Every structure is written in C-alpha cells, then in structure tokens.
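S.K.: model this:
(one chain, ligands or ions: 1)
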Amino acid sequence: ATGMITIDPGYKNTGSCKSAITFLDGEKGILRYRGYSIEELAEKADFLEVAYLLIFGELPNQEALDKFHNDIKGESHVDEEMKKILDGFPKSAHPMGVLSCLTCALIAFNPTSVNVSSEKEMYWAIVRIMAKFPVLVAWTLRKKKGLPLDYGDDTLGYVENIHKMMFKKPNHKYEKNKVVIDALDKLLILHADHEQNCSTSTVRMVGSSHAGLFASLSAGISALWGPLHGGANQAVLEMLEAIEADGGDTKKYMAKAKDKNDPFRLMGFGHRVYKNFDPRAKIIKKAADEVLADLGVEDSILDIAKGLEKEALDDKYFVDRKLYPNVDFYSGIIYRSLGIPTEMFTVMFALGRLPGWIAQWREMRLNKEPIGRPRQVYIGPTVRSFVPLDER
Ligand code: SDX
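M.R.: Sure thing, here's the model as predicted:
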C-alpha cells in the first residue's frame with residue numbers, strides 16, 4: 001500500500017531488479033547462464049568463453065573470443081607502484097582483505113575505470129579488470145608463500161596463465177598439467193554467477209550510485225568474504241579438519257549443528273534459494289572424485305565430507321529444513337588437491353565470480369537502474385529535548 005513500509009529481513013521475499021543474466025530454480029535445482037545449463041557449460045565451454053557469455057550475452061565465435069583475449073593480454077600489466085601496497089601487508093594478512101584493497105587501489109592507476117559514460121569506456125574498464133584481477137589474485141598467493149611475483153606468459157590460455165602466475169616456482173620451467181587446468185577451469189565456471197546473491201547485490205548497490213566498476217567490485221569482494229557466503233568454502237575445510245582431528249566423529253558435529261544453543265553450523269550446507277541439491281555441488285562432488293583419482297591423491301577429508309552428507313540427508317532436522325550441500329561443500333577439497341591453501345579458497349571464489357559481478361554491474365548501468373536507497377520502520381525514541389551536560 002502507498003506509504004506502508006514492509007520490512008523483509010535479508011530480502012528473502014524481495015526482488016531487487018529484472019535481469020537477463022542468470023536463471024535459478026531453487027526447487028528443481030536448475031542453474032543457467034544466459035539460458036545455457038551449467039551442466040553443459042561446465043563440460044563443453046572454458047572459463048573465458050563463459051565470462052564473455054555472461055558479460056555480453058552471447059557465446060562468442062572464435063574471432064570475438066580471440067579479440068577479447070588479445071585485448072586482455074594487452075592490459076595484463078599491473079603498475080609496479082602497486083607492489084608498495086602489497087608490501088605494506090604482513091604475510092599473515094587474509095588474502096581476501098589484500099585482494100579487496102588492491103582492487104580498489106587499481107583505480108589510482110586506471111582512473112578511466114571510474115566514470116564509464118560510454119559502452120566503449122565500459123568495454124575497456126571490463127577488459128582491464130579481467131586482465132589485472134588474476135594478477136592480484138596470484139599476488140595474494142605469492143605474498144602468503146613469500147615467493148617472488150610472476151609476470152605470466154601471454155602464450156598460455158587465460159586460466160593456464162593464472163595457474164602459472166600462482167604456482168610457477170622461481171628457476172623452474174612451468175609444467176602444464178591438463179588435469180589441473182581443466183579442474184580449475186570447471187570450478188571457475190561453476191562460480192561465475194548466481195543472480196542476486198549477497199556479494200552481487202553489493203556490487204549492484206555500490207554501482208547504483210555510479211561509483212566505478214573497480215570500487216563496486218572491491219565492495220563485492222568484502223561481502224563475499226563472510227563465512228555465511230563465499231567464506232564458507234574456507235570454513236568447510238576448517239570444519240572437516242576439526243572433525244578429522246576429533247577422531248572423525250561426524251555424529252557429534254551433526255548434534256552441534258542441530259543444537260540451537262550451539263553457534264556451530266554445518267558449513268557448506270543450506271542455501272537461501274536451493275531447497276534441493278545445489279546443481280553446482282553435484283558437479284563439484286563428481287569432479288572431486290575424478291581430480292583426486294587423476295592426481296593420485298588420497299584425501300581422508302573427502303571421506304569425512306561424504307559421511308557428513310550421507311548422515312545429513314538421512315536426518316530429520318536437515319531434511320525438514322531442506323538443507324543440502326551447497327557449492328562450498330566440496331570445492332575446497334579440489335582446491336586443496338591443486339595445492340591451493342585454505343586461506344585462498346574464497347579468493348578463488350572471487351576469481352570465478354568476477355565475470356558475474358561485471359555482467360550484473362554492466363546490466364545495472366545499461367538499464368539505468370536508480371540509486372539503491374531502501375526505507376525503514378523507525379523504532380527509536382520519540383521526540384525529546386536536549387539535556388545540558390551538567391544535568392545528565
Ligand atoms: C554461498 O545466495 C547465494 O546464491 C550464495 C552462493 C552464491 O553462489 O553466491 O550460492 C554462495 O554463499 C553458498 C552458501 C554458503 N554458506 C554456508 O554454507 C554457511 C552455512 N549455511 C547457512 O548459514 C545458511 O544455510 C545460509 C546462509 C546459506 C542460508 O541462510 P538462510 O536462507 O538465511 O536460512 P536460515 O539461516 O534462516 O536457516 C533456516 C533454518 C534455521 O533453522 P530454524 O531457525 O528454522 O530452526 O535452517 C537452519 C537455521 O538454523 N540452518 C542450518 C544451516 N543452515 C540453515 N542449521 C545448521 N547448519 C546449517 N548450515
């Protein structure tokens with residue numbers, strides 16, 4: 001009704017926009033990017049192709065994909081001065097904080113990304129962040145490991161080059177490993193967009209004031225960091241390691257998860273929209289078995305994860321609340337098998353989600369969405385007169 005404000009905590013039943021990018025059906029567990037199913041894209045496309053699809057709306061032909069990649073290669077240098085900011089962090093700094101800060105710092109070296117007033121300017125701001133963000137992601141890992149930064153190699157594919165910048169050891173030849181690159185590529189595709197989740201809504205909200213793309217993305221990274229959102233993939237591994245250290249007693253942790261007085265949650269379980277299996281979790285669970293087998297890695301943590309899943313799917317508390325494994329439940333097990341430290345898992349989520357954030361920000365600007373400014377129901381004190389300090 002006009003004038004009547006209804007409060008919808010967490011916007012559980014509020015739509016914030018119309019979007020043509022990603023379709024979710026939470027009941028049926030369906031996820032599509034621009035109409036293409038996630039199952040097909042994960043199997044048949046590569047990450048840069050999916051990024052192009054999400055951002056520009058169509059699968060690129062070879063010429064368009066090559067141009068996009070070449071434009072990105074031409075912009076993949078990060079100003080040397082940025083290293084002073086990286087060096088300012090202690091090794092103990094959480095990579096998500098470093099990444100959010102460096103993304104914002106990029107603005108100082110790419111001022112054109114601030115106020116994109118034409119499609120051409122928008123295109124180049126998008127190319128620049130698609131080119132430089134992976135460098136910053138690699139920097140966070142090199143910093144954590146005390147390794148010299150790697151400048152990449154533009155003869156490699158987009159994801160291969162990211163892997164090289166992250167993992168090439170100084171004084172060693174970079175060894176290509178198809179199993180590793182394919183696994184990384186698939187994981188990044190599965191994280192690429194997810195309609196109006198918390199971090200994407202943040203990117204749209206910040207961008208709605210016409211703050212620049214890089215500033216909006218920096219805010220999105222901070223929102224993703226939370227353990228209830230992207231930070232859950234790190235929390236899942238820490239939980240599984242704690243259960244393993246506690247003798248693998250999954251029953252004890254299931255009881256804790258159901259105990260309302262216990263703040264412990266079964267991380268990697270539950271979802272605001274999926275009230276069925278998260279389709280991404282299904283693909284990642286299958287990939288975890290395949291990648292570990294291909295790499296000849298035995299990981300007892302995977303067995304604990306499967307044990308937890310089995311128990312939860314048979315447990316009334318979880319079934320009644322339709323709590324199933326989500327994208328974060330198995331992804332960390334693959335990241336770990338690829339040599340990615342636990343603290344870097346959410347950075348990998350941000351790397352995957354980058355094209356989705358860009359696509360949603362671009363759509364919000366092209367649709368000329370109004371500045372986000374919700375109302376409230378005031379429940380504070382009614383009017384009262386000021387009391388001088390010596391009378392309080
Ligand atoms: C991501 O939105 C997106 O799309 C996000 C994402 C994306 O791609 O962008 O899919 C990525 O963030 C996946 C979710 C990762 N987070 C976690 O795994 C953290 C653990 N999960 C929860 O905190 C929770 O399930 C959320 C945050 C995912 C969803 O929270 P909701 O929709 O606000 O649901 P809720 O907290 O109100 O829970 C409903 C009930 C409650 O019990 P009751 O009060 O009804 O008795 O289910 C319970 C909750 O206590 N519950 C859990 C639980 N999740 C919900 N109980 C134990 N363990 C859990 N994990």
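S.K.: Near the ligand, which residues of this structure are found?
M.R.: 10, 194, 197, 228-230, 232, 257, 265-273, 321, 323, 326-328 (Cβ under 6 Å from any ligand atom). To be clear about C-beta, it is placed using only N, CA and C from the backbone, and glycine gets the same treatment.
S.K.: Show me which of the residues you listed are buried.
M.R.: Neighbour counting by 16 or more other Cβ atoms under 10 Å classes 194, 197, 229-230, 232, 257, 265-271, 273, 323, 326-328 among these as buried.
S.K.: Please list the members of those residues that lie in helices.
M.R.: 232, 257, 327-328 (DSSP state H).
S.K.: Just the closest of those to the ligand, please.
M.R.: The closest of these to the ligand turns out to be Ala232 (Cβ to the nearest ligand atom; 3.5 Å).
S.K.: That closest one touches Met267, doesn't it?
M.R.: Yes. In terms of Cβ atoms under 8 Å, Ala232 counts as a neighbour of Met267; the distance is 5.1 Å.
S.K.: Quickly list what's touching both of these two.
M.R.: Asp328 (Cβ atoms under 8 Å, 6 or more residues apart in numbering).
S.K.: my read is Gly339 is in a strand, agree?
M.R.: No. Read with DSSP: H, G, I helix; E, B strand; the rest coil, Gly339 is coil and lies in no strand.
S.K.: roughly how far apart are whichever residue of the chain sits closest to the ligand and Gly230?
M.R.: Closest contact between the chain and the ligand, by Cβ to the nearest ligand atom, is at Gly270 (2.3 Å). To Gly230, Gly270 is 15 Å away according to Cβ to Cβ, to the nearest Å.
S.K.: got it, and Lys368?
M.R.: Taken as Cβ to Cβ, the span from Lys368 to Gly230 is 29 Å.
S.K.: Which two among the ones in helices among the buried ones among the residues of the chain next to the ligand are spaced furthest apart?
M.R.: Ala257 and Val327 (18.5 Å; Cβ to Cβ).
S.K.: give the contact list for Ser337.
M.R.: Applying Cβ under 8 Å, 6+ apart to Ser337 gives the contacts 183, 288, 291-292, 295, 297, 299.
S.K.: Now with 7 Å, please.
M.R.: Applying Cβ atoms under 7 Å, 6 or more residues apart in numbering to Ser337 gives the contacts 291-292, 295, 297, 299.
S.K.: Please read off the pLDDT at it from the model.
M.R.: Predicted confidence (pLDDT) for Ser337: 93.
S.K.: name the helices or strands packed onto the longest helix that the chain contains?
M.R.: Counting by DSSP H, the longest helix found in the chain is helix 119-145. Counting contacts by 3 or more Cβ pairs under 7 Å, 6 or more residues apart in numbering; DSSP states H and E, helix 119-145 packs against helix 62-74, helix 95-109, helix 158-167, helix 213-225, helix 345-366.
S.K.: Cool, thanks, talk later.
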